[in-house]
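Undergrad: have a look; sequence and predicted model below, questions after that.
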Amino acid sequence: MSTLDPTRPFGRLATAMVTPFSVAGEIDLDAAVKLAKYLVDEQRNDTLVVNGTTGESPTTTDGEKADLVAAVVEAIGDRARVVAGVGTFDTVHTVHLAEQAAKAGAHGLLVVTPYYSKPPQAGLLQHFRVVADATQLPVMIYDIPGRSGVPVATDTMIELAKHEQIVAVKDAKGDLAASARVIGETGLAYYAGDDAMTLPLLSVGGVGVVGTSTHFSGRLTRELIEAYERGAVSEAARLHQQLLPIYTGIFRTQGVILVKAGLALQGLGVGGVRLPLVEATDHEISHLREDLVAAGLL
């Protein structure tokens with residue numbers, strides 16, 4: 001595997017990959033392998049994030065998670081990295097998933113802020129440090145207070161950056177000023193956790209995106225990032241405007257629902273979703289088709 005710039009330990013473009021299921025609702029590893037190869041070889045991803053929320057991790061077993069990591073790592077070989085989502089609201093279970101992912105061959109860990117229980121900042125510090133200590137893998141913190149119920153405070157993030165294994169942030173906080181401060185005071189690599197924030201985050205020192213719509217928009221999103229990096233800001237802004245319909249439209253309902261519907265529209269069906277999620281409605285699929293057309297992707 002090629003060595004990446006340490007300032008962007010997971011490259012520029014990463015996709016939070018959906019988990020394919022069979023008609024019977026079982027995990028479909030063959031479909032996962034096919035999708036992983038498509039995302040790397042056709043959509044030009046540097047990294048695939050598996051077992052994240054977009055991968056329906058709340059509904060998959062620990063065994064299924066390990067099998068998926070191993071299958072995707074084998075499928076893409078040295079062409080990209082695989083980051084395993086391991087975050088839960090239980091530190092002990094998160095450590096177990098981190099160790100399991102390392103054994104399965106993951107190249108990094110995505111650790112979301114413990115959700116629902118809303119721990120204090122002192123608890124967040126200990127949680128992330130304990131998980132980071134569990135393996136030798138680099139850790140990306142997933143800061144998404146809209147789902148976790150509590151943000152990682154700026155001062156907390158600056159403290160966490162002192163840990164050797166904590167190297168990146170998937171930033172879905174929506175606070176560019178706070179992100180800019182952490183970027184300016186630490187070596188953490190910031191990745192947009194909201195597709196539409198890719199360009200704004202780049203403008204304050206971000207390095208890329210962990211996307212959802214990038215199942216479809218990956219190639220053009222990579223062009224956007226590369227354009228900005230070479231100083232072609234107007235070209236990056238043009239691509240941002242072109243892709244905005246799908247960047248935002250993919251979240252008309254739960255992102256994974258529309259990603260799976262969109263892949264089916266493109267002949268890359270990966271099965272349905274597990275409850276409590278439900279399939280996209282005809283109305284939602286019609287809107288999605290319009291969004292993909294507007295973005296020049298269908």
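TA: Ah, there it is.
Undergrad: where's the closest residue to residue 108 other than its chain neighbours, which helix or strand?
TA: Excluding its sequence neighbours, the residue lying closest to residue 108 (CB to CB, 6 or more residues apart in numbering) is residue 83, at 4.1 Å. The way it works is simple: take the backbone N, C-alpha and C, and place the C-beta from them, glycine included. When elements are assigned from DSSP states H and E, residue 83 belongs to strand 81-85.
Undergrad: take that strand, keep the C-alpha atoms, and write them as PDB.
TA: Coordinates of each C-alpha in strand 81-85 appear next as PDB, following Å, rounded to 0.1, in the frame of the first residue of the first chain:
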ATOM      1  CA  ARG A  81      -7.400   1.700   3.200                       C
ATOM      2  CA  VAL A  82     -10.200   0.200   5.300                       C
ATOM      3  CA  VAL A  83     -11.400   2.000   8.400                       C
ATOM      4  CA  ALA A  84     -13.700   0.100  10.700                       C
ATOM      5  CA  GLY A  85     -16.400   1.800  12.600                       C
END
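Undergrad: now do the helix or strand just after that strand: distance to the chain's middle.
TA: Remark: after strand 81-85, the chain's next helix or strand is helix 91-104, criterion DSSP H and E. Centre-to-centre, helix 91-104 and its host chain are 18 Å apart (CA atoms, centre = their mean, to the nearest Å).
Undergrad: re earlier: who's the residue nearest to residue 108 bridged to?
TA: residue 49, residue 108 (DSSP bridges).
Undergrad: which per-residue confidence value corresponds to it?
TA: On pLDDT, residue 83 comes in at 98.
Undergrad: could you count how many residues lie near it?
TA: Residue 83: 30 surrounding residues under other CB atoms under 10 Å.
Undergrad: got the buried residues for the helix or strand of the chain with the lowest mean pLDDT?
TA: Every helix and strand of the chain was ranked by mean pLDDT, DSSP states H and E. The lowest is helix 145-148, at a mean of 94. By neighbour count with 16 or more other CB atoms under 10 Å, helix 145-148 contains the buried residues 145, 148.
Undergrad: after that helix, next one along is what?
TA: Using DSSP H and E, the first helix or strand after helix 145-148 is helix 154-160.
Undergrad: check which residues of stretch 41-50 are buried.
TA: So, applying 16+ other CB under 10 Å, buried residues of stretch 41-50: 43, 44, 45, 46, 47, 48, 49, 50.
Undergrad: am I right that residue 288 is in contact with residue 258?
TA: Yes. With contacts counted by CB atoms under 8 Å, residue 288 reaches residue 258, the gap being 5.3 Å.
Undergrad: overlap in contacts, these two.
TA: Counting by CB atoms under 8 Å, 6 or more residues apart in numbering, the residues touching both residue 288 and residue 258 are 249, 250, 252, 280.
Undergrad: make sure the third one is indeed in a strand.
TA: Looking back up the chat, that one is residue 252. No. Looking at residue 252 with DSSP: H, G, I helix; E, B strand; the rest coil, it is coil, so not inside a strand.
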